[in-house]
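Engineer: missing the sequence, but the structure's below:
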């Protein structure tokens, strides 16, 4: 077995993760987390929240929004039109494949090919990887899971493909609740779904998975707000590979921002946090870098995107997070689609007199002509910018709700007013992490073998359980004392497990396999003076710790990464 197969076997045997619906044969793209994996995944999420949310009080706030999303939201976001991949079907066996992936497996660099260029290959003839039959010309397939909301088929909804859109539609309410801050972030951890065509990379490509996303709203003209945060990371650098580059370059964050390599200072700041997050997961600097997404490949909403790449044994470099500067695309798009003004008020330092265009309409006349659509039309008329008004004058009409309103039905006047500020759309930077990929990468980096035994070297503070309590034997009262120590540790809020089955060496091996950092053994010396042995998972060395110091020693070792030899006398 290669390392990947060994990891899958370990995860299945020890309750980290396994294929969903296994008793029914399983379905590709879905996994279950077991008793160990579920808690370990939760610790990964907690670490992300600590770095991205808890460390930014009164700036970044956690929210929760629904998984099922009404269709208009994904129409506004662009997902209905743009969230697609090319697929091809075998004319013989009828199996469906992702068209670019089939070519990649045949050694053809297909990632950068347009749909027309893909079609050229398939017109010449591409064989089915399963039966050898001919594959059909590729077509576009939307990755959204479609459903209906309630019993009425006209109310279409989708399983969200990202948590982001719920935060954009919550923006107005959050802005009001937060007393009209012009710099703040909304963060969310939640399940999403993408109807992947042929997920064949285990936990790396799933149809349902967990995302950790932050939508950070800010005024791009206000550079003062970000300065204290940049000062905190002033000495940091980033490993970057440019879209047209061939090698990774290490560049100081300050230089990357000054040279406009990174489009927004806020984006650079959160990229540093992403680097630190991966380090705490046990992913060293040499195993991570940021890859600039070329302009032709950018998502429809993005002004700039950097993918956070991590190296794993099985697939080489894979993406675990995307960092996008989304500009004002989302708030502007949802403002136009919903008819609700999502701009914020930005005061001037002192009042100014301006000449502005103003749109006037006769609501009754509009109602006669457009009926039930009138309310929505008027809402959107109120949000028209001066540029849109000028464009309407040139065209002779305004187009709203698929209706063309002649400019003659409206009145455009110029008036001079004293303005105390202006309305602007805030911009957004978005760090978006895939939890399940990160979970696998963490296991991949932690997986080691020592003397033909598996040792999962998960960072101590993330490991579950954190401590194992083992009686040397189950007689002479050793098991009773061990259970008392087990209860004491549990009451101290430390996640602990108890194991008395089998030889002590076998029990150590079981703890090592799931990454438990510390094993506490109760032996005959314990009956004499209350002391116990502490065994380090990684080195297998042991020290003897006094009874009254057990809890403090555990906390020092697990939470503060204290060295084992500082906790007690060596025990051979």
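Structural biologist: Cool, got the structure. All values derive from a computational prediction rather than experimental measurement.
Engineer: For the rest of this, base every contact and every neighbour count on C-alpha atoms.
Structural biologist: Fine.
Engineer: which non-adjacent residue is nearest residue 533?
Structural biologist: With C-alpha to C-alpha, 6 or more residues apart in numbering as the criterion, residue 533 has its nearest non-adjacent residue at 4.5 Å, and that residue is residue 544.
Engineer: list the contacts for that neighbour?
Structural biologist: By C-alpha atoms under 8 Å, 6 or more residues apart in numbering, the residues touching residue 544 are 531, 532, 533, 534, 567, 568, 569, 570, 571.
Engineer: Tell me how far it lies from residue 572.
Structural biologist: Noted for residue 544: a distance of 10 Å to residue 572, by C-alpha to C-alpha, to the nearest Å.
Engineer: chain center to stretch 430-439, what's the gap?
Structural biologist: Counting by C-alpha atoms, centre = their mean, to the nearest Å, stretch 430-439 is centred 3 Å from the centre of its parent chain.
Engineer: Can I take it that the residue nearest to residue 533 is in a strand?
Structural biologist: Yes. The assignment for residue 544 (DSSP: H, G, I helix; E, B strand; the rest coil) places it in a strand.
Engineer: Could you give the bridge partners of it?
Structural biologist: residue 533, residue 569 (DSSP bridges).
Engineer: which residues in the stretch 401-550 of the chain form strands?
Structural biologist: Taking DSSP state E, counting those that start in this stretch as the criterion, the stretch 401-550 of the chain carries its strands at 403-406, 410-424, 427-434, 447-450, 453-456, 467-471, 496-498, 518-522, 532-536, 542-545.
Engineer: what about the shortest one, distance to the chain center?
Structural biologist: The gap between where strand 496-498 is centred and where its chain is centred comes out at 32 Å by C-alpha atoms, centre = their mean.
Engineer: Partner strands of that strand and their direction?
Structural biologist: According to DSSP bridges, strand 496-498 has these partners: strand 467-471 (parallel).
Engineer: Equivalent analysis for the third one, please.
Structural biologist: Partners of strand 427-434 in the sheet, by DSSP bridges, are strand 208-218 (antiparallel), strand 316-327 (antiparallel).
Engineer: so can I have a markdown table of the ones you listed showing mean neighbour count, distance to residue 143 and mean pLDDT?
Structural biologist: Listed next are these as a markdown table, based on neighbours: other C-alpha atoms under 10 Å; distance: least, C-alpha to C-alpha, whole Å; pLDDT from 0 to 100:
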| stretch | mean neighbour count | distance to residue 143 | mean pLDDT |
| --- | --- | --- | --- |
| strand 208-218 | 23 | 12 | 98 |
| strand 316-327 | 21 | 18 | 97 |
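Engineer: Return the list of helices and strands in contact with the strand or helix carrying residue 11.
Structural biologist: Taking DSSP states H and E as the definition, residue 11 sits inside helix 3-13. Contact analysis of helix 3-13 by 3 or more C-alpha pairs under 8 Å, 6 or more residues apart in numbering; DSSP states H and E lists strand 17-19, helix 435-446 as its packing neighbours.
Engineer: repeat that for 7 Å
Structural biologist: Packing partners of helix 3-13 (3 or more C-alpha pairs under 7 Å, 6 or more residues apart in numbering; DSSP states H and E): strand 17-19.
Engineer: In terms of secondary structure, what does the strand it packs on contact?
Structural biologist: Using 3+ C-alpha pairs under 7 Å, 6+ apart, strand 17-19 is in contact with helix 3-13, strand 31-33.
Engineer: mind redoing it with 10 Å?
Structural biologist: Applying 3 or more C-alpha pairs under 10 Å, 6 or more residues apart in numbering; DSSP states H and E, we find strand 17-19 packed against helix 3-13, strand 31-33, helix 35-49.
Engineer: Who is the residue most central in space within the chain paired with across the strands?
Structural biologist: Ranked by distance to the mean C-alpha position of the chain (C-alpha atoms, centre = their mean), the top residue is residue 433 at 2.1 Å. Beta-bridge pairing of residue 433 under DSSP bridges involves residue 212, residue 321.
Engineer: Surely it touches residue 192?
Structural biologist: No. Residue 433 sits out of contact with residue 192 when judged by C-alpha atoms under 10 Å, with a separation of 12.0 Å.
Engineer: Would you mind listing the residues touching both of the two?
Structural biologist: Counting by C-alpha atoms under 10 Å, 6 or more residues apart in numbering, the contacts common to residue 433 and residue 192 are 210, 211.
Engineer: Residue 2: what's it in contact with?
Structural biologist: Contacts of residue 2 (C-alpha under 10 Å, 6+ apart): 313, 314.
Engineer: what's the spacing between it and residue 205?
Structural biologist: 19 Å.
Engineer: Residue 112: what's its closest spatial neighbour, skipping adjacent residues?
Structural biologist: residue 297 is the one closest to residue 112 (C-alpha to C-alpha, 6+ apart), at 7.7 Å.
Engineer: And that neighbour, how far from residue 263?
Structural biologist: In this view, residue 297 and residue 263 are 17 Å apart by C-alpha to C-alpha.
Engineer: Look at these two and report which has more neighbours.
Structural biologist: residue 263 (19 against 11; other C-alpha atoms under 10 Å).
Engineer: beta partners of the residue nearest to that one when sequence neighbours are not counted?
Structural biologist: Leaving out its chain neighbours, the residue that sits closest to residue 263 by C-alpha to C-alpha, 6+ apart is residue 304, at 6.7 Å. Here residue 304 sits in beta bridges with residue 325, as judged by DSSP bridges.
Engineer: Please verify my assumption that residue 304 contacts residue 260.
Structural biologist: No. Here residue 304 does not reach residue 260: they are 11.1 Å apart, not a contact under C-alpha under 10 Å.
Engineer: between those two, which one's more packed in?
Structural biologist: Counting neighbours by other C-alpha under 10 Å for residue 304 and for residue 260 shows that residue 304 has the greater number, 22 against 11.
Engineer: so what sits against both of residue 544 and residue 572?
Structural biologist: residue 533.
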